[in-house]
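In: Return a 3D structure for these sequence lines:
(chains A and B)
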Amino acid sequence: MTLFYLFAAVAVLASLLVISQRNPIYSVLLLIASFGALSGLYVLLEAPFVAVIQIIVYAGAIMVLFLFVVMLLNAPHEETEQDERLHAFRRPAPFRFGVVLAVALAIELTWALTRGGGETGAFPGAAVSSVRAIGRTLFTEYSFPFEVTSILILVAMVGAVVLAKRDVGRSGASAPPRG
Amino acid sequence: MPPVTPLLIAQLTLIVVVFTALLLSAAAMVWVERRLAAALQQRHGPTRVGWQGLLQPFADVIKLMFKEELRPKAADWLLFGLAPIISAACAFAAFAVVPFGADTTFFGLLKEPLRLQVADVNVAVLVIFAIASMSVYGIVLAGWSSNSKYSLLGGLRSSAQMISYELSYGLALASVLLVGNSLSLTGIVNAQAGTWLGFLPKWFVFVQPVGFLVYFTAGVAETNRAPFDFPEAEQELVAGYHTEYSSMSFAMFFLAEYINMVTVSAVATNLFLGGWHGPFLPESLGWIWFLLKVGALLFFYVWMRWTLPRYRYDQLMKFGWKILLPIAVLNLLATAAGVLYFGA
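Out: Sure, this is the predicted structure:
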């Protein structure tokens, strides 16, 4: 249980710090720390495969791209001093929307925290976490959602290529000579 | 608190031994690299410190320790300090799941056999892959936090390179997993015991020659070694991501690079070259075979560095995405079809 509280505390604290940072690079790094703690929680649930995949996919691949983009764009520190003088409800529309979302999140969290609890003990589907079992379930029971997801990702990839290639197609003839 | 048994003491000793051996292997690699480079370029290399210059790496370490620790004024001090630690920690952590010998009782010294592996994880291959993907952060953060254009360019280049080659690396690993039918490195090594027709060892390199080539090429790119050493291309980027580092923080990057080489070679030995299986020696002395195979791969690493010129950066990207990745994908598909047809 000590380990659970340790990982849970790191995950929650890191997530809170992600949104309170002014420097986007620190936000990205804290999000990685939060993912690492989540992966520790998966290990405690006897799902080592999911834990490692969490690190490889989220912390390893996606966050590297995030960091890459933040570094390339050299995003400036957020300036929030102006807004902090106004009351939350008197800020421009996006902020008011954010306040509504925050209230909704708070209500959901209280609901979830008061409802849950009581049931403790080991995760029932520990055996499900083996790679073989995950593969089998994915390609039999959940094969339709799996294929739909892959098409979704394919669409995103094609879209990215089209967006990135747009200029080349228009001015293909007058492209600068390659050295 | 678990009771103190001889096995526990042996395991703790093993951790210390592996840690020290990794440190010493980095020192040995520095010596081998310099002497071999000298031999390939028809000069002597370091010969003065100790017999044949064997103590040269230790002299270098002492020199580095007494150097001043510099930090650029505009650097982000927290990340600047953290980056070399991430690099070195990832390098050491990856080796924890690499087995390097069969279970042994040390000639009857222990009652229960001890597995020559720091941590026995049943998804060891994926753990190594995960830690390799985390080690990018050390380099990227070093490049960014130094607040220097050379460091930043080096860091960006290396992250692009590592992301590109990680895919081929992972696909090459996956094709071995299919043949070995296991995610545990011990399981994969044990699947390579024995011989075909009495003389050809059952190494996966003979089943997966393409996989081995892809793995090793991607491994060289992952460890940022020549001919893929763009992050530290001296002629263009001074020293790449560690331009602004000095003293022990520089030494940590250096250490991480050599230990990563050792880890890539050790994993290649386990996945493709039969691990600790070999003729003549009893199973309990298999780690000698393991060391020999890893040594041969490391020798190849150094040999390659001083033989091949560096690619151009666009050539590297083109090679990674348009040649290596399709080969890796086709290899994986062919392997899967073969395993399905022959039933592994």
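In: Closest residue of chain A to chain B?
Out: A:Gly60 (2.9 Å; Cβ to the nearest Cβ). Using the backbone N, CA and C atoms, a C-beta is placed for each residue, glycine as well.
In: Let me see the confidence value for the most centrally placed residue in chain A.
Out: Geometric centre of chain A, nearest residue: A:Tyr58, 7.0 Å, by Cα atoms, centre = their mean. pLDDT, A:Tyr58: 88.
In: Over to it. Which of the three states is it?
Out: The three-state label given to A:Tyr58 by DSSP: H, G, I helix; E, B strand; the rest coil is helix.
In: Ok, B:Ala102 next?
Out: B:Ala102 ends up strand, using three-state DSSP.
In: How many residues are close by the closest residue to chain A within the stretch 1-150 of chain B?
Out: As assessed by Cβ to the nearest Cβ, chain A sits closest to B:Ser133 within the stretch 1-150 of chain B, at 2.9 Å. B:Ser133 has 24 neighbouring residues, counting by other Cβ atoms under 10 Å in any protein chain shown.
In: For it, which non-adjacent residue is spatially closest?
Out: Using Cβ to Cβ, 6 or more residues apart in numbering or on different chains and skipping the chain neighbours, the partner closest in space to B:Ser133 is A:Gly60 (2.9 Å).
In: top helix in chain A by residue count?
Out: Using DSSP state H to define each element, chain A has its longest helix at helix A:143-170.
In: rewinding a little: chain neighbours aside, what residue packs nearest to the residue nearest to the centre of chain A?
Out: In space, and not counting its chain neighbours, A:Tyr58 is closest to A:Phe35: 4.9 Å by Cβ to Cβ, 6+ apart.
In: burial count for the one you found?
Out: Residues lying near A:Phe35 (other Cβ under 10 Å) number 21.
In: Which positions within the helix or strand harbouring it qualify as buried?
Out: When elements are assigned from DSSP states H and E, A:Phe35 belongs to helix A:24-44. Within helix A:24-44, the residues scored as buried using 16 or more other Cβ atoms under 10 Å in any protein chain shown are A:24-43.
In: my read: the residue of the stretch 1-150 of chain B closest to chain A touches A:Met63, true?
Out: No: with contacts counted by Cβ atoms under 8 Å, B:Ser133 stays clear of A:Met63, the gap being 9.6 Å.
In: May I ask which helix or strand of the chain has the lowest mean pLDDT?
Out: You didn't pick a chain, so chain A it is. helix A:81-84 (a mean of 54; mean pLDDT, DSSP states H and E).
In: ah, no, chain B please
Out: Lowest on mean pLDDT, DSSP H and E among the helices and strands of chain B sits helix B:234-237, with a mean of 64.
In: ok so, going back, wait, the residue nearest to the centre of chain A touches A:Gly36, no?
Out: No: with contact defined as Cβ under 8 Å, A:Tyr58 does not reach A:Gly36; the gap is 9.6 Å.
In: And chain A, what are its domain boundaries?
Out: A:1-77, A:130-167 (automatic domain parsing).
In: With respect to A:Ala112, which of the ones you listed lies nearest?
Out: Among the domains of chain A, the nearest to A:Ala112 by Cβ to Cβ is domain A:1-77 (13.7 Å).
In: any low-confidence regions in the chain?
Out: No chain was given, so I picked chain A. For chain A, the stretches flagged by pLDDT under 70 are A:74-93, A:116-129, A:166-179.
In: try again with chain B
Out: In chain B, residues with pLDDT under 70: B:1-2, B:104-113, B:198, B:230-239, B:344.
In: Mind jotting down where the helices sit in it?
Out: B:6-40, B:56-65, B:77-95, B:124-134, B:136-145, B:149-180, B:185-190, B:204-207, B:209-222, B:234-237, B:247-272, B:286-305, B:313-318, B:325-342.
In: Among those helices, show me which one is buried the most.
Out: Sort these by mean neighbour count, taking mean count of other Cβ atoms under 10 Å in any protein chain shown, and helix B:136-145 sits at the top with a mean of 27.
In: That one packs against which elements?
Out: helix A:24-44, helix A:63-73, helix B:77-95, helix B:149-180, helix B:247-272 (3 or more Cβ pairs under 8 Å, 6 or more residues apart in numbering or on different chains; DSSP states H and E).
In: which other residues reach it?
Out: Contacts to helix B:136-145, defined as Cβ atoms under 8 Å, 6 or more residues apart in numbering or on different chains, come from residues A:25, A:29, A:32, A:60, A:64, A:67-68, A:71, B:75-76, B:78-80, B:82-88, B:90, B:151-156, B:158-159, B:162-163, B:224, B:231, B:240-242, B:245, B:253, B:256.
In: The same query, at a cut-off of 7 Å, please.
Out: Counting contacts by Cβ atoms under 7 Å, 6 or more residues apart in numbering or on different chains, the residues outside helix B:136-145 that touch it are A:25, A:64, A:67, A:71, B:75-76, B:79-80, B:82-84, B:86-87, B:90, B:151-152, B:154-156, B:158-159, B:162, B:231, B:241-242, B:256.
In: Just the CA atoms of that helix, as PDB, please.
Out: C-alpha atoms of helix B:136-145 as PDB (Å, rounded to 0.1, in the frame of the first residue of the first chain):
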ATOM      1  CA  VAL B 136      16.500  10.500 -25.600                       C
ATOM      2  CA  TYR B 137      15.400  13.000 -22.900                       C
ATOM      3  CA  GLY B 138      18.900  13.300 -21.400                       C
ATOM      4  CA  ILE B 139      20.300  14.400 -24.800                       C
ATOM      5  CA  VAL B 140      17.300  16.600 -25.800                       C
ATOM      6  CA  LEU B 141      17.300  18.400 -22.400                       C
ATOM      7  CA  ALA B 142      21.100  18.900 -22.500                       C
ATOM      8  CA  GLY B 143      20.700  20.500 -25.900                       C
ATOM      9  CA  TRP B 144      17.900  22.800 -24.800                       C
ATOM     10  CA  SER B 145      19.000  23.800 -21.300                       C
END
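In: how far does that helix sit from the chain's center?
Out: Here the centre of helix B:136-145 is set off from its chain's centre by 19 Å, with Cα atoms, centre = their mean, to the nearest Å.
In: quick one: that helix to helix B:77-95, angle?
Out: If you take axes from the mean of the first three to the mean of the last three Cα atoms, to 10 degrees, helix B:136-145 sits at 160 degrees to helix B:77-95.
In: Next up, the contacts around the closest residue to B:Ala336 other than its chain neighbours.
Out: Leaving aside its sequence neighbours, B:Ala336 sits nearest to B:Leu178 (Cβ to Cβ, 6+ apart; 5.8 Å). For B:Leu178, the contact set (Cβ under 7 Å, 6+ apart) comprises B:Thr335, B:Ala336, B:Val339.
In: could you measure the nearest residue to B:Leu54 once chain neighbours are set aside against B:Gly50, distance?
Out: Excluding the flanking residues, the one nearest B:Leu54 by Cβ to Cβ, 6+ apart is B:Trp31, at 6.2 Å. Counting by Cβ to Cβ, to the nearest Å, the gap from B:Trp31 to B:Gly50 is 9 Å.
In: Equivalent analysis for B:Gly155, please.
Out: As judged by Cβ to Cβ, B:Gly155 and B:Gly50 stand 36 Å apart.
In: same check, this time on A:Ala59
Out: According to Cβ to Cβ, A:Ala59 stands 43 Å off from B:Gly50.
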